[in-house]
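Q: pasting the structure only:
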Ligand SMILES: NC(=O)c1ccc[n+]([C@@H]2O[C@H](COP(=O)([O-])OP(=O)(O)OC[C@H]3O[C@@H](n4cnc5c(N)ncnc54)[C@H](OP(=O)(O)O)[C@@H]3O)[C@@H](O)[C@H]2O)c1
C-alpha cells in the first residue's frame, strides 16, 4: 500500500508515532523517524536516519501530511486547557492547509485515550461504547488510512472508541 513512499514521522521514537512507523514499514513504506534522542537502536525500523529524508513528494505536492490532535480538542477535561487549545488549533490548521497546500492532502488523527497507565483512565474506559483503551496500533491504523486514501483531505479521523460521545 505504501510501496515507494517516503514517510517522515516526527515524534516517531515512541508511542503512537513508533506504531505508525512499524505499520508503515509493514506496508512497504520507507520510514524516517525524527527524534530528539539518538535513534540508532531503532535502526531496524528505518531505512534512512534523521536528516536524510528526501522530500520530493512534498515539493511536488503529490504526498500528504497527517497531523495529530486529540480528544481534549472536543471534550473539556479539567486541567487540560492548553491541550484543548492545541488540539482544536491543529484541526483548524489542518483545514486551512488542506486548502492552501492542495493538491497535497492534509488530514488529522484525533486519538482518545491510547494505552495510558493511569488506573483512573483505565476505569473510565470501561464506560466507552467500545469499553477499552486504544492500543497504539488502533491509532496507527488511522494514520495509514489517511496516508493512503487519495480522495480524503481536510478531515479529522477520531479514534476514541466513542469516548467523546458519553
Ligand atoms: N497517548 C494518548 O492517549 C493521546 C491521546 C490524544 C492525543 N495524543 C497525542 O498523540 C501524540 C503522540 O502521543 P504519544 O502518547 O504517542 O506520545 P509519546 O509516547 O510520549 O511520544 C511522543 C513523541 O514525541 C516526541 N516529543 C515529545 N516531546 C517533544 C518535543 N518537545 N519536541 C519534539 N519532539 C517531542 C518524542 O520524541 P523524542 O522524545 O524521541 O524526541 C516521542 O517520539 C501527542 O501529540 C499527543 O498529544 C495522545
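A: Perfect, I can see it now. On a predicted model such as this, the values are computed, not experimentally measured, just so you know.
Q: Could you list the residues of the protein in contact with the ligand?
A: By the rule Cβ under 6 Å from any ligand atom, the part of the chain lying against the ligand is 11-17, 35-37, 68, 70-71, 111, 113-114, 116. In this view, the C-beta of every residue, glycine as well, is placed from N, C-alpha and C.
Q: Among those, which ones are in strands?
A: Within those, residues falling in strands by DSSP state E are 68, 111.
Q: Please list the outside residues in contact with the helix ranked longest in the chain.
A: Counting residues, the longest helix found in the chain (DSSP state H) is helix 81-100. Contact with helix 81-100 is made by 65, 67-74, 76-77, 105-108, 110, 153-156, as judged by Cβ atoms under 8 Å, 6 or more residues apart in numbering.
Q: Narrow those to those that are buried.
A: Neighbour-count burial (16 or more other Cβ atoms under 10 Å) applied to those gives 65, 67-74, 105-108, 110, 153-156.
Q: Residue in the protein with the shortest distance to the ligand?
A: Residue of the chain nearest the ligand, by Cβ to the nearest ligand atom: residue 15 (2.2 Å).
Q: how does the protein divide up, domain by domain?
A: 1-54, 62-166 (automatic domain parsing).
Q: how distant is stretch 139-157 from the center of its chain?
A: Relative to the centre of its chain, stretch 139-157 is centred 9 Å away, using Cα atoms, centre = their mean, to the nearest Å.
Q: before we move on, the earlier item: can you add mean pLDDT and give the domains of the chain back as TSV?
A: Listed next are those as TSV, based on pLDDT from 0 to 100:
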stretch	mean pLDDT
domain 1-54	79
domain 62-166	96
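Q: Tell me where the protein has helices.
A: 15-26, 56-59, 81-100, 119-125, 136-148.
Q: buried set for the longest one?
A: Pointing back at helix 81-100 there. 84, 87, 88, 90, 91, 94, 95, 97, 98.
Q: for the helices of the chain, which one sits closest to residue 7?
A: Residue 7 lies closest to helix 15-26 among the helices of the chain, at 4.9 Å (Cβ to Cβ).
Q: Next, the buried residues of that closest one.
A: Within helix 15-26, the residues scored as buried using 16+ other Cβ under 10 Å are 16, 17, 18, 19, 20, 21, 22, 23, 24, 25.
Q: Remind me what it packs against, helices and strands.
A: Secondary-structure packing of helix 15-26 (3 or more Cβ pairs under 8 Å, 6 or more residues apart in numbering; DSSP states H and E): strand 6-10, strand 30-34, helix 136-148.
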